[in-house]
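Trainee: Build the 3D model from these lines:
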Amino acid sequence: MLCAIAGVTAHKTELRRHFRRLRLQQLPKLQQRLDRGGASLLTALLLQATSPERHLGLTWPLPGEPDLRPWLNASGWPLALPAVAAGRLVYRAWQPGMELTPDECGIAAPTASSPDLQPGQLALLLVPALAIDRRGVRLGYGGGWYDRLRADPQWQRVPAVAVLPAACVCDRLPCDPWDVPFAGWLDENGCQWIGPSPTQHPLI
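Mentor: Down below sits the predicted model:
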């Protein structure tokens with residue numbers, strides 16, 4: 001078993017290098033779609049999502065990642081950003097203009113004065129990815145933060161969607177035992193749900 005896991009880890013390292021380059025090449029196409037028609041993509045997501053008192057979870061963009069802030073800021077929905085605090089990933093409420101400070105990974109995040117949100121307070125998580133396969137297995141950066149967060153059954157019930165260029169969607173990625181598939185992905189062609197849409201989700 002340990003040899004098998006080591007083999008998966010080595011393969012994922014190679015795939016991360018490949019898809020990081022590919023995502024960077026394809027990012028302008030996705031960003032242009034988000035900037036031009038983000039409102040329609042957002043509407044499609046929200047129509048399937050939830051009651052407006054719940055938060056939309058997004059991420060503060062790192063270099064090479066799509067920037068969702070312009071159209072999410074205009075949505076009028078309460079927003080949330082992740083933060084790594086005390087060795088775990090949490091979500092905290094955020095709105096434009098609120099103070100941000102580097103979290104334990106050095107990424108801009110809401111300060112500890114914003115209380116940690118519970119799973120039932122989140123409508124949808126929009127998460128950057130290097131790649132995703134058609135089963136919903138996401139290839140991230142290797143930190144395991146989302147894997148550990150979504151190991152909690154309550155967090156698994158919050159629909160999570162990967163955001164990435166369509167070129168980074170593939171048929172099959174290596175899967176570790178702790179990988180929790182995502183509900184779908186958002187690319188320049190729209191949102192693709194795997195299985196039930198959030199309207200059929202028990203918490204929505």
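
Trainee: Show me the helices in the protein, by range?
Mentor: For the chain, applying DSSP state H gives helices covering 2-47, 69-73, 145-149, 153-156.

Trainee: In CSV, list the C-alpha atoms belonging to the last one.
Mentor: Extracted C-alpha coordinates of helix 153-156, given in CSV (Å, rounded to 0.1, in the frame of the first residue of the first chain):
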residue,chain,number,x,y,z
PRO,A,153,-18.9,14.9,6.2
GLN,A,154,-20.6,18.3,7.0
TRP,A,155,-18.1,20.1,4.6
GLN,A,156,-18.6,17.4,2.0
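
Trainee: need the least confident one among the helices of the chain, by mean pLDDT.
Mentor: Between the helices of the chain, the lowest average pLDDT goes to helix 69-73, which shows a mean of 72.

Trainee: how far away is Glu53 from Gln121?
Mentor: 8 Å (C-beta to C-beta, to the nearest Å). For glycine as for every other residue, the C-beta is placed from the backbone atoms N, C-alpha and C.

Trainee: of these two, who's got more company?
Mentor: Neighbour count, other C-beta atoms under 10 Å: between Glu53 and Gln121, Gln121 has more, with 17 against 9.

Trainee: okay but that one is in contact with His55, surely?
Mentor: Yes: here Gln121 reaches His55: they are 5.8 Å apart, a contact under C-beta atoms under 8 Å.

Trainee: hey, what's in contact with both of these two?
Mentor: Ala80 (C-beta atoms under 8 Å, 6 or more residues apart in numbering).

Trainee: By mean pLDDT, which helix or strand of this protein comes out lowest?
Mentor: helix 69-73 (a mean of 72; mean pLDDT, DSSP states H and E).

Trainee: What is the neighbour count of the nearest residue to Leu68 once chain neighbours are set aside?
Mentor: Excluding the flanking residues, the one nearest Leu68 by C-beta to C-beta, 6 or more residues apart in numbering is Leu58, at 5.1 Å. Counted with other C-beta under 10 Å, residues neighbouring Leu58 total 23.

Trainee: Assess the claim that Pro102 and Ala85 are in contact.
Mentor: No: the pair Pro102 / Ala85 is not scored as a contact, 11.3 Å apart, by C-beta under 8 Å.

Trainee: more neighbours, these two?
Mentor: Comparing Pro102 with Ala85 by other C-beta under 10 Å, the one with more neighbours is Ala85, at 16 against 11.
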